[in-house]
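Chemist: Kindly generate the corresponding structure for this input.
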Amino acid sequence: MEFKLSAKIKSFLRNSDFKRNPIMEIQFLGTGGAFDYIEKNSSVVFFLKRGTFLIDCGSTVYSELKKNDIIPVIDYIFITHMHEDHFGSLSTVIKNNFIIYKNNQIYPLFISIVFV
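Modeler: Numbers count the residues shown, from 1 in each chain. Next up is the predicted model:
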């Protein structure tokens, strides 16, 4: 099966403004599992024009956020589920965002999917 892009999408991707001014940037903070302190807990940051979104904030993520100076620009934090490797440093990020950076405009959002 061959995947074909529509003419509209091809035109959009060829647009020079799109190349100079991307819609989003993605930065992976960790790609490991729950107990992987080398690759860190799985987490990703989306930098969009409408805000910066952090997906998951496990116990190893805070140090990566601090090292890359991302904490002051986070607008939303999505927590996919309530395991330590997905929310372990959430309280530290929120506290430092408020106390150190004097910013209280961070919105933690919890996504909970239950399979029955």
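
Chemist: ok now stretch 32-48, how far from the chain's centre?
Modeler: 10 Å (C-alpha atoms, centre = their mean, to the nearest Å).

Chemist: Next, the buried residues of it.
Modeler: Going by neighbour count (16 or more other C-beta atoms under 10 Å), the buried part of stretch 32-48 is 32, 40-45. Heads up, the C-betas are built off the backbone N, CA and C, glycines and all.

Chemist: Which members of those residues are positioned in helices?
Modeler: If you go by DSSP state H, the buried residues of stretch 32-48 have nothing in helices.

Chemist: For Phe35, which non-adjacent residue is closest in space?
Modeler: Asp85 (7.8 Å; C-beta to C-beta, 6 or more residues apart in numbering).

Chemist: just Glu39 next, same as before
Modeler: Per C-beta to C-beta, 6+ apart, closest to Glu39 is Gly32, 3.0 Å.

Chemist: my read: that neighbour touches Asn41, true?
Modeler: Yes: the pair Gly32 / Asn41 is scored as a contact, 6.4 Å apart, by C-beta atoms under 8 Å.

Chemist: shared neighbours, these two?
Modeler: Common contacts of Gly32 and Asn41 (C-beta atoms under 8 Å, 6 or more residues apart in numbering): Thr60.

Chemist: Name the helix or strand of this protein that has the lowest mean pLDDT.
Modeler: helix 16-20 (a mean of 59; mean pLDDT, DSSP states H and E).

Chemist: Quick check: next helix or strand after that helix?
Modeler: strand 24-30 (DSSP states H and E).

Chemist: Next, the buried residues of that following strand.
Modeler: Within strand 24-30, the residues that qualify as buried are 29-30, counting by 16+ other C-beta under 10 Å.
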